[in-house]
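> Predicted model follows, preceded by the sequence.
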Amino acid sequence: MKRFALLILLVFLIVPSSAQDTQTRFQMLKQWRSTAFSSKGLEAERDSKLAEVANPVKDEFETTEMFQKRVKDAQRVAQEIRAEYDRKIAQARQMFDKRKSETETELQTLIVSSREEVGSAFTVGNYNADKQSFPITITKTGKSYDVSVPFASAKDFKQNCANLTSKGFRYLSLETDWEYADWQIYHPVAGQNYAFGPRHGGSASPTVAKATKTIIPPDLVAQVSFSEPSLDDRLDAEETAELVVSIRNKGTGNAEGVEILLNLTGSTAIEYPTSAYIGTILPGATQTRRLKISARDNLTTGVVKGSLSFKEINGFPPDDIALQFETEALVPPKLAIVDIGVSDAKGNAKIEQGEMASITVRVQNLGNGTADDVRAKVTLGSGDIFFTNNSQETFNLASLKPGEFKDFTFDVVSNRKATAMPITVSLTESRERFGIASKPLDLAFNQVTRLASEFVIAGKQENQKQIAVAGGLSVDVEKDVPVAKVPKPEALAIIFGIENYKNVQGVTFARRDAEIVKDYFTKTLGIPANRIYYQVDADVSKAVFDKVFSKDGWLEKRIVPDKSEIYFYYSGHGAPDIKQKKAYLIPYDGDPNYASQTGYSLDQLYENLGKLKVKQTTIFLDACFSGANRESEMLLADARPVMIEIEGPMASGNITVFSASGGQQISSAWPEKKHGLFTYYLLKGLQGNADSNKDKNLTVDELGDYVKTNVSQTAGTLDREQEPVLQTSNPNGVILKY
């Protein structure tokens, strides 16, 4: 097939620009005309794939039922392969037949257009009185013909023909290189023309004067339009557009041998035909060709310029047309397995030995480009776990738009010897590099996983620059949230989570952090929901900070003097003022490069909170003030890629502050747990893990030590340095009772 495709390309892209080029093209067309269709390449490819799925062998540990399922699957795949290649072979034959028909048409056009006059010397043999003719041999071709000469003129013809030249015409021929015909000799003494040899469409009667070629010119006008599937008049990476070229003949004569020539400059990542052959355009007729322009995935954003020019065999082409269109680079997808859920026979969300369980996996596109032809495959990594009879192993998820997620479910069962659940999922996309080779699901026996019935099966989040991770199915701090033993009806809480910023890169998982912290504040700390001020993303503006914390603001209006406790949680960007070396929280509409002008000062925050007559104020800051985000990317335009140490304000009085990191450190995200590292261990501590003496009273010091130890250790495994900081004058104060 490769040889077939190459021959097609050579034949149909060569543009004749002279008689020599025309002859070369004619010979190549003749060669292609003699080619027979062959599907051997496709058949070999098909047979190779069939061999890969043929004759399954029964494993010694396999049940007959499982083996029969594998046999049926192999037969189904083989049937799909045969059907696929039947279609491919039929399409290849259809293309071949179409090319064959086009070749025949062009050959006949070239034969007609190749007619040209030639001259040649000749030799004369002995006169044949019975036939009244001379045998003549043409020097140019070596062929002999009989020329009819009346007996009365024979002597003069013989004596005066030594210096004469025969004239004829030649044409390209399907049988030989050239066919010669319409020969004649003009004999001035006899005063007449003598015609001989085969006739080929010319006048059978010789003429004294040389025939002149009469042409009625065409009047050709070309128009072009640009068509592409996204309808934005721009060629995107991996997209195929069309130049639709129409040529109309407004004249009264035929246009012959019309060709379109295309030339584009400005990108090496596009493929296009350099020519398209039309042939004859009759008066009043219009011929249209669609030239496909395909962009590879390495296309860059820019402008492509070029031109359409034209040829007509008699020199009457339409005017050239200048071209220009924009190109757009590839916006890649980013596939991720964002969550899993378990539905088991006992209904306790635990996978147990010998129990059948349904595993639901959520796949989401976290990129801003569409993922096409997404497929998932589940692999079991142990001989002690098995798919159930009706379970699928492969899943077609089709396409995933930016932010969109889809779920698939498979059923497994383990035997009594199983000690682990090594199950992996691989994802493929139409482009190999955007898939995931193998992702462990990290399942384990006898551990609670969120029930599959607790999440929505489908959903979309489109047109977001930063895609939010869909749902939370299995993160341990998001389930079994402790319930307060002693509620706090006078307490107040403020929760701000800013993941998507207006003027700067986002904070990974910040919104998710805020959502789960709200659950802990209501359930674990016992704060009434109507006494929690919860805002995320665009709703956390500079004005909102002022509204909540200023004198006579939302907070001050609701406190119960000497009885209220205040809790403030913040997940988002912090930034330093480099000149003042002061720390600021950055609202949604703030700019880290202008922290003092657009941010909210920690000094101001602590001062405002310190003026309130409350029992205790506790602040949790999952932010850093080093000038970088959770991925170590610098936020400040003029800062060097080193961390900026600021003089952090000191909390005093009844204010306790849990900060995610020191002044020169990053407040990191933990992708595995889908939270900020500090927030994750803060919540783990509130679950009871920080109660080191197990007395059911969680103190400030216990929570601070637990968060500091675990965040520091885990940050090291992520190749980060992060050590939380605790500021308090009441280390033995009880945060909650279990």
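Now that the structure is in, tell me what you want to look at.
> Report the separation between Glu404 and Asp339.
When distance is defined by C-beta to C-beta, to the nearest Å, Glu404 is 14 Å away from Asp339. For glycine as for every other residue, the C-beta is placed from the backbone atoms N, C-alpha and C.
> Who has more neighbours out of those two?
The residue with more neighbours, out of Glu404 and Asp339, is Asp339; 24 against 21, by other C-beta atoms under 10 Å.
> Tell me if the more buried one really is in a strand.
Yes. Going by DSSP: H, G, I helix; E, B strand; the rest coil, the assignment for Asp339 places it inside a strand.
> Would you check that it makes contact with Leu441?
No. Checked against C-beta atoms under 8 Å, the pair Asp339 and Leu441 is beyond contact range at 10.2 Å.
> Now do the shared contacts for these two.
Val361 (C-beta atoms under 8 Å, 6 or more residues apart in numbering).
> how about Lys40, phi and psi?
In terms of degrees, to the nearest 10, the main-chain angles of Lys40 are phi -60, psi -40.
> now the strands for the stretch 251-400 of the chain?
In the stretch 251-400 of the chain, the strands defined using DSSP state E, counting those that start in this stretch lie at 255-265, 270-271, 275-281, 286-295, 302-311, 321-328, 335-344, 357-365, 371-380, 385-387, 394-400.
> Same question for the stretch 501-650 of the chain.
For the stretch 501-650 of the chain, applying DSSP E, counting those that start in this stretch gives strands covering 532-536, 565-571, 574-577, 582-585, 600-601, 616-622.
> And the last one, what does it pack against?
Which is strand 616-622. With contacts defined as 3 or more C-beta pairs under 8 Å, 6 or more residues apart in numbering; DSSP states H and E, the packing partners of strand 616-622 are helix 510-519, strand 565-571, helix 602-610, strand 655-659, helix 677-684.
> Buried ones in the third one, by neighbour count?
When you say that, I think you mean helix 602-610. Buried residues in helix 602-610, defined by neighbour count with 16 or more other C-beta atoms under 10 Å: Leu602, Asp603, Gln604, Leu605, Tyr606, Asn608, Leu609.
> With pLDDT as extra columns, can I get these in TSV?
TSV is the format used below for the buried residues of helix 602-610 (pLDDT from 0 to 100):
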residue	pLDDT
Leu602	90
Asp603	90
Gln604	91
Leu605	93
Tyr606	91
Asn608	92
Leu609	92
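> Format those as JSON lines; extra columns: distance to Ala437.
Shown next, in JSON lines, are the buried residues of helix 602-610 (distance: C-beta to C-beta, whole Å):
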{"residue": "Leu602", "distance to Ala437": "45"}
{"residue": "Asp603", "distance to Ala437": "50"}
{"residue": "Gln604", "distance to Ala437": "50"}
{"residue": "Leu605", "distance to Ala437": "47"}
{"residue": "Tyr606", "distance to Ala437": "49"}
{"residue": "Asn608", "distance to Ala437": "52"}
{"residue": "Leu609", "distance to Ala437": "50"}
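> Isn't Asp156 up against Val189?
Yes. Using C-beta under 8 Å, Asp156 makes contact with Val189 at a distance of 5.3 Å.
> Disregarding residues adjacent in the polypeptide, which is nearest to the residue positioned nearest the centre of the chain?
The chain has Pro332 as the residue nearest its centroid, 5.1 Å off, counting by C-alpha atoms, centre = their mean. What sits nearest to Pro332 in space, not counting adjacent residues and going by C-beta to C-beta, 6 or more residues apart in numbering, is Gly369, at 4.9 Å.
> Make JSON lines out of the strands of the stretch 501-650 of the chain and add distance to His200, mean pLDDT and mean neighbour count.
Conversion of the strands of the stretch 501-650 of the chain to JSON lines gives the following (distance: least, C-beta to C-beta, whole Å; pLDDT from 0 to 100; neighbours: other C-beta atoms under 10 Å):
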{"stretch": "strand 532-536", "distance to His200": "86", "mean pLDDT": "95", "mean neighbour count": "18"}
{"stretch": "strand 565-571", "distance to His200": "89", "mean pLDDT": "96", "mean neighbour count": "24"}
{"stretch": "strand 574-577", "distance to His200": "89", "mean pLDDT": "84", "mean neighbour count": "27"}
{"stretch": "strand 582-585", "distance to His200": "93", "mean pLDDT": "89", "mean neighbour count": "25"}
{"stretch": "strand 600-601", "distance to His200": "95", "mean pLDDT": "92", "mean neighbour count": "22"}
{"stretch": "strand 616-622", "distance to His200": "91", "mean pLDDT": "94", "mean neighbour count": "24"}
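> Need the single longest helix in this structure, by residues.
helix 64-113 (DSSP state H).
> show me the contacts for the residue nearest to Asp219 when sequence neighbours are not counted.
Excluding its sequence neighbours, the residue lying closest to Asp219 (C-beta to C-beta, 6+ apart) is Gly251, at 3.3 Å. For Gly251, the contact set (C-beta under 8 Å, 6+ apart) comprises Ile216, Pro217, Pro218, Asp219, Leu220, Pro283, Phe316.
> Val189 too?
Asp156, Asn160.
> A strand includes it, no?
No. Counting by three-state DSSP, Val189 falls outside a strand, being coil.
> pLDDT score assigned to it?
Val189 is assigned 71 on the pLDDT scale.
> burial measure for the residue nearest to Leu682 when sequence neighbours are not counted, as a count.
Nearest residue to Leu682 in three dimensions, chain neighbours excluded: Val707, at 5.7 Å (C-beta to C-beta, 6+ apart). Val707 has 28 neighbouring residues, counting by other C-beta under 10 Å.
> May I have the residues that are in contact with the residue lying closest to Asp146 once chain neighbours are set aside?
In space, and not counting its chain neighbours, Asp146 is closest to Ser133: 4.3 Å by C-beta to C-beta, 6+ apart. Ser133 makes contacts with Tyr127, Asp146, Val147, Ser148, Val149, as judged by C-beta under 8 Å, 6+ apart.
> Could you double-check that Val504 lies in contact with Pro592?
Yes. With contact defined as C-beta under 8 Å, Val504 reaches Pro592; the gap is 5.9 Å.
> Can you pick out the residue with more neighbours from those two?
Shown here are Val504 and Pro592; by other C-beta under 10 Å, Pro592 has more neighbours (27 against 18).
> any idea how far that one is from Arg720?
In this view, Pro592 and Arg720 are 20 Å apart by C-beta to C-beta.
> Contact partners for Leu261?
Val15, Thr274, Ser275, Leu308, Ser309, Phe310, Lys311.
> Can you check my assumption that Thr176 lies in a helix?
No. Counting by three-state DSSP, Thr176 falls outside a helix, being coil.
> buried stuff in stretch 354-373?
356-371.
> Can you name the two of those residues that sit furthest apart?
Met356 and Asn368 (39.5 Å; C-beta to C-beta).
> Show me what the spatially closest residue to Leu397 that is not a sequence neighbour is bridged to.
Leaving out its chain neighbours, the residue that sits closest to Leu397 by C-beta to C-beta, 6+ apart is Val374, at 4.2 Å. On the basis of DSSP bridges, Val374 is bridged to Ala398.
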